[in-house]
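Student: I need the structure of the sequence given here:
(chains A, B, C and D)
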Protein chains: 4
Amino acid sequence: MSKGNLKVAIVGATGYAGCELIKILLCHPGATITSVSGKVEKAEKISDIFPVFKGRLDLVCDNVDVPAISKAADLIFLALPHKVSMLFVPDFLKAGKNVVDLSADYRLKDTAVYEKWYGAKHTSASLLKEAVYGLPELHKNEIEKSKFIANPGCYPTGSILGSAPLVSKGLVDTDQIIVDSKSGVTGAGRAASLALNFAEVNENFKAYKINQHQHMPEIDQELSNAAGSKIGVTFTPHLVPMNKGILSTIYFTLKKETSAAELLALYKQFYKDAPFVRVLDEGIFPETKHVYSTNFCDIGIKVTGRRVIVITAIDNLWKGAASQAVQNMNLMMGFGETAGLI
Amino acid sequence: MSKGNLKVAIVGATGYAGCELIKILLCHPGATITSVSGKVEKAEKISDIFPVFKGRLDLVCDNVDVPAISKAADLIFLALPHKVSMLFVPDFLKAGKNVVDLSADYRLKDTAVYEKWYGAKHTSASLLKEAVYGLPELHKNEIEKSKFIANPGCYPTGSILGSAPLVSKGLVDTDQIIVDSKSGVTGAGRAASLALNFAEVNENFKAYKINQHQHMPEIDQELSNAAGSKIGVTFTPHLVPMNKGILSTIYFTLKKETSAAELLALYKQFYKDAPFVRVLDEGIFPETKHVYSTNFCDIGIKVTGRRVIVITAIDNLWKGAASQAVQNMNLMMGFGETAGLI
Amino acid sequence: MSKGNLKVAIVGATGYAGCELIKILLCHPGATITSVSGKVEKAEKISDIFPVFKGRLDLVCDNVDVPAISKAADLIFLALPHKVSMLFVPDFLKAGKNVVDLSADYRLKDTAVYEKWYGAKHTSASLLKEAVYGLPELHKNEIEKSKFIANPGCYPTGSILGSAPLVSKGLVDTDQIIVDSKSGVTGAGRAASLALNFAEVNENFKAYKINQHQHMPEIDQELSNAAGSKIGVTFTPHLVPMNKGILSTIYFTLKKETSAAELLALYKQFYKDAPFVRVLDEGIFPETKHVYSTNFCDIGIKVTGRRVIVITAIDNLWKGAASQAVQNMNLMMGFGETAGLI
Amino acid sequence: MSKGNLKVAIVGATGYAGCELIKILLCHPGATITSVSGKVEKAEKISDIFPVFKGRLDLVCDNVDVPAISKAADLIFLALPHKVSMLFVPDFLKAGKNVVDLSADYRLKDTAVYEKWYGAKHTSASLLKEAVYGLPELHKNEIEKSKFIANPGCYPTGSILGSAPLVSKGLVDTDQIIVDSKSGVTGAGRAASLALNFAEVNENFKAYKINQHQHMPEIDQELSNAAGSKIGVTFTPHLVPMNKGILSTIYFTLKKETSAAELLALYKQFYKDAPFVRVLDEGIFPETKHVYSTNFCDIGIKVTGRRVIVITAIDNLWKGAASQAVQNMNLMMGFGETAGLI
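Tutor: Purely as a prediction, here's the structure:
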């Protein structure tokens, strides 16, 4: 169906982000999927793994073979687990490919931070300086010039977009930022796990990795950059019994009282060139279904005295992973930021 | 099945809290349900309204008839909507009945606050001084001596139990309390509503009534009493696509650093006579399914520097409504606090 | 975003089928939505009703105004309730518009049958002979020549596609066809209803309208046509706690033993020109998620002795409503059957 | 809490049936749980495995130790996987214990059938003649006299109860029985499995093991006994995105036309001594939530011509497993059939 000229490969195609990448790219006017691969027990059609693609994409998915993939494609999406991605990225870059890495391996600029939070030595530190943190709303210019994108994490995407205007303008107490996030289950990846068994998750709600989730340093890094000073947020992720979506409720203390209207105006200005951020009108707040299977980040703001509550919603697999990766591809390849995206 | 001697009536039996009250009381050793009533179009068996009770409770449910109910029962549970309850409570009290009111009508001591948040004149203000706020963990002695209980709201139950030890000991900055709560759908009541249609709620997550939910002043009232000074919390409720359960994530700023172990010890001491509060071990946190269809409130605590995160879980229809009402009945009638409850 | 030349109107845009129609048409290369209308209390932007469309389709949705709509559009989709559609269809046809009616009003050729099952007089019987039953897999030629399509019901679509090859070839006992269907909740429409309240539907499974659902005569009509003799199926619909999808398990008795392989070959041949029917390989069976938000109907077959079990899956709002309507538009307007569809 | 005199052990306590057994037995007036065991990596409190029991049952759960368990308890519930149960049952019986086995190992009287469907040699065939198939509605007298019960499977329980009156009275064509069953996810057991991952099951509906589920021969055996002639049903199980409940839609062809009223009267007579079967009034049909966490089997009947549709609902973990096991215990031990059950 897709008749684009850019040949793209999806490495790590068997996970949830990989599946959404395929869905999006099959409808993209500028790209054609020429290779799918991942960790598989035996080679089989991707449409046997994800029968939704039967008749639409029947490529065989085999284990990762860098030379073969490099031959087949010009841009490589890696949707691999953390620590695995950095085993392959260097070779793809060396082969001159454009790379969009959806793992966490190249997001944190400080390897010490990476090693603390991911519990593993970083084996590809020299490439960190080449990786651009692929949040287009903050780094569009660098992305357009880059060949190597570290695609943001799902929690960080919604948290950073909801916080950046306030912290970059210096309006809030940076010691008191609390991010209370709620995510659908696909965020945990596509794997056998008793904790993710339907009967364990359905009719249940819980917090997890309370103030110690590995996405926290990523939020801190980007907000510190935006603020120009060190920020350490409080971050509590929760598991919602639904497939997709992240809602983040972010609490700030204003340095001085400011109305919701003023803050909304500030956000609209801040995101005036961001086609996928929708700042809602006063009194209207995001819901995850309003961004379901879209690349949008919706933002609503409530103010009471010096307390500001910013609420953001994204689809964790789209804006939080796959469609943001395509947005980055669009910028890198000059397709126009919105090409093939909703 | 139940062969208890106390004759009890359930007024407002057709809602979700009414249904759970029936379930609990049918197994209670000291009580027998002798009357069920509510707003109905035509009289019909309660087991036609809730077929789960077929063969177990086949009483006819008709509209509220105070004299008939007063004749049939000695203790009256009212599970009516706000504003409706105060139309009936005075007559039941005048008839000498014990009353447990699950509505909000008698929870707030200040009628001005009630009238602001519930948008209606309080027509029964003289009885407010007789009503005991029925949170047994804080007010057991008064409940035991009372004939009239204002049963707490669902959000306040979990929020107050999670906060009372810290605020009553003066350990936290009372200006910076943030309660981020997530509730199952039954909290919204049993009524036709497009917003509550399955297809609107399923695969969706949202916040609502952000910092303006009518349960907020109830939390403020009780925490102010516990602190001995005025407290106004920030409160954001959210809707979870599940039937039952509330998880509250409560953020505090400690006046001085204290370890999780010390705080957990404080909580265990504070609740040492509370059979339905379970303070979890360090590193263990509540999940709503662990309190599903029980009267328990589970509490977990995380500390990072001066930030404390307290997480509580209750079943919104049990500890947040029906089973707490039975706990109050137990205390009022001398049955033993845990009789018929799990 | 959509830049198509055909101007289309959606009448009944506020329901679930209307919403999906908008989603599909916004991405369609040949059509542009120029009008949305429906039964509304006050005119408001469609993107306020369905915030997912904010910034993508901000047309105002007002009550149905046939002249204004006829002026704005050349093809009219009606996604109105039964009995309401026939109030408007005649005027649109008189105005020379192409019409795709998603209601049941013009599906049944026999007004007596319509009036029995829908409990209302048919006020537009003279137009029935002009309406083509819009199941492209059976009636493609007529659809291509028609200006007026009666778009099939959701249950009939999956049931007929799963049965047509067997009955048209005369292979099965036509007195013994049993259709056991299971549908997501959106099939019941977008309306306030206690029975559809999340807490009533979630964690529940039930049958309803057992052997008396109004879609039964529609299945009978089409299968009778296919068989060339009168067929009356047994039909039991069930409600599944999910938003979208219908799985139909259809039981037949073969006149003589035939292998699954033979039957699958027959089905593949029967549907060789049907781009949206996927006959699965032996031993593979449909799941609703494999057709989620697609126009596909997946079919699997199991044979044991003379018993045949055919299982079909569709998305009730797509192939069972909105995308099938677009498929019909494609055929009517010469866009190519698959234009803008997945 | 439970103060019963009968000491009971639960072997296989870590699965979903084990968990429900604990819940039920904790409230049983005649039994006390004195031992819990199962396949565990390390010994730990059952309340750490199922935190819902914290403070209520804090026994340590270790691997199965027959002598220790035999010393601790007089009645043994085994809630182990098929093939594992028969490794332990002989020793418990030899030790003189009463045994209720929830696995399939002793349900099928014909070892050849067992070995075909379960793919393993039966190593304890000599005990099959001692095992009573524990469906109290059909075999109460034998259960009362037995020391060893093979507790029925979940699908068979609802299917047999819905079919037994019709087949035992010879009213239906026994060649044409179709059982279309729909089950919640706990039926698949408590284990890590990608296919049971929340995101795979939620918003999905599918059939599985179509006409080849291992519960089919169990249905056949019992219905053949009831009919006095060989019956082989058609059986299609489906997976519903919910935790608990089975609804079975069973299709029969009457030998001669009979009204629903007559059949309902027959069913009421047939089950007049069965406290846990509720035959519903004409026009009323079961829903799984009406039997949720109860021991009831609800039955509704629809007749059209010679077609009969019988619909039954049970809680797969209660009447389909744990509470039926307790019902069997009650009968064996003379507690009264309904003791401790709802």
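Student: from now on I want contacts and neighbour counts done on CA atoms only, so please keep to that.
Tutor: Noted.
Student: what comes into contact with the longest helix seen in chain A?
Tutor: Ranked by number of residues, the top helix in chain A under DSSP state H is helix A:154-168. Taking contacts as Cα atoms under 8 Å, 6 or more residues apart in numbering or on different chains, the residues outside helix A:154-168 that touch it are A:135, A:137, A:172, A:174, A:179, A:181, A:187, A:215-216, A:218-219, A:222-223, A:226-228, A:246-248, A:250, A:266-267, A:270, A:297, A:299, A:310-314, A:316-317, A:319-321.
Student: any part of the helix or strand just after it near chain D?
Tutor: Of the helices and strands lying after helix A:154-168 in sequence (DSSP states H and E), the nearest is strand A:178-183. No. Strand A:178-183 is not in contact with chain D by Cα under 8 Å from any Cα of the partner chain; minimum separation 12.3 Å.
Student: pull up the pairing partners for strand A:178-183, direction included.
Tutor: Applying DSSP bridges, strand A:178-183 is found paired with strand A:234-239 (parallel), strand A:246-253 (antiparallel).
Student: hmm, who's touching the first one?
Tutor: In this case it means strand A:234-239. By Cα under 8 Å, 6+ apart, the list of residues contacting strand A:234-239 reads A:176-185, A:205-213, A:216, B:307.
Student: report the distance from it to the chain centre.
Tutor: Distance, stretch centre to chain centre, for strand A:234-239: 16 Å (Cα atoms, centre = their mean, to the nearest Å).
Student: same check on the longest one?
Tutor: The offset between the C-alpha centroid of strand A:246-253 and the centroid of the whole chain comes to 17 Å, using Cα atoms, centre = their mean.
Student: between helix A:154-168 and it, find me the angle.
Tutor: Relative orientation of strand A:246-253 versus helix A:154-168 (axes from the mean of the first three to the mean of the last three Cα atoms, to 10 degrees): 30 degrees.
Student: and the shortest one, by the same measure?
Tutor: Taking the same axes, to 10 degrees, one finds that strand A:234-239 is oriented at 150 degrees with respect to helix A:154-168.
Student: alpha carbons only: can I get strand A:234-239 in PDB?
Tutor: Coordinates of the C-alpha atoms in strand A:234-239 are reproduced here as PDB (Å, rounded to 0.1, in the frame of the first residue of the first chain):
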ATOM      1  CA  THR A 234       9.200  13.700  42.200                       C
ATOM      2  CA  PHE A 235       7.800  11.000  40.000                       C
ATOM      3  CA  THR A 236       5.200   8.300  40.600                       C
ATOM      4  CA  PRO A 237       4.100   6.100  37.800                       C
ATOM      5  CA  HIS A 238       0.900   4.100  38.000                       C
ATOM      6  CA  LEU A 239      -0.600   1.200  36.000                       C
END
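Student: sec struct for the closest residue to residue A:135 other than its chain neighbours, please.
Tutor: Residue nearest to residue A:135 in three dimensions, not counting chain neighbours: residue A:152, with 6.4 Å by Cα to Cα, 6 or more residues apart in numbering or on different chains. Under DSSP: H, G, I helix; E, B strand; the rest coil, residue A:152 falls in the coil class.
Student: my guess is residue A:152 meets residue A:321, correct?
Tutor: Yes. The criterion here is Cα atoms under 8 Å, and residue A:152 meets it with residue A:321 at 7.1 Å.
Student: can you check which residues contact both of the two?
Tutor: Common neighbours of residue A:152 and residue A:321 (Cα under 8 Å, 6+ apart) are residue A:102.
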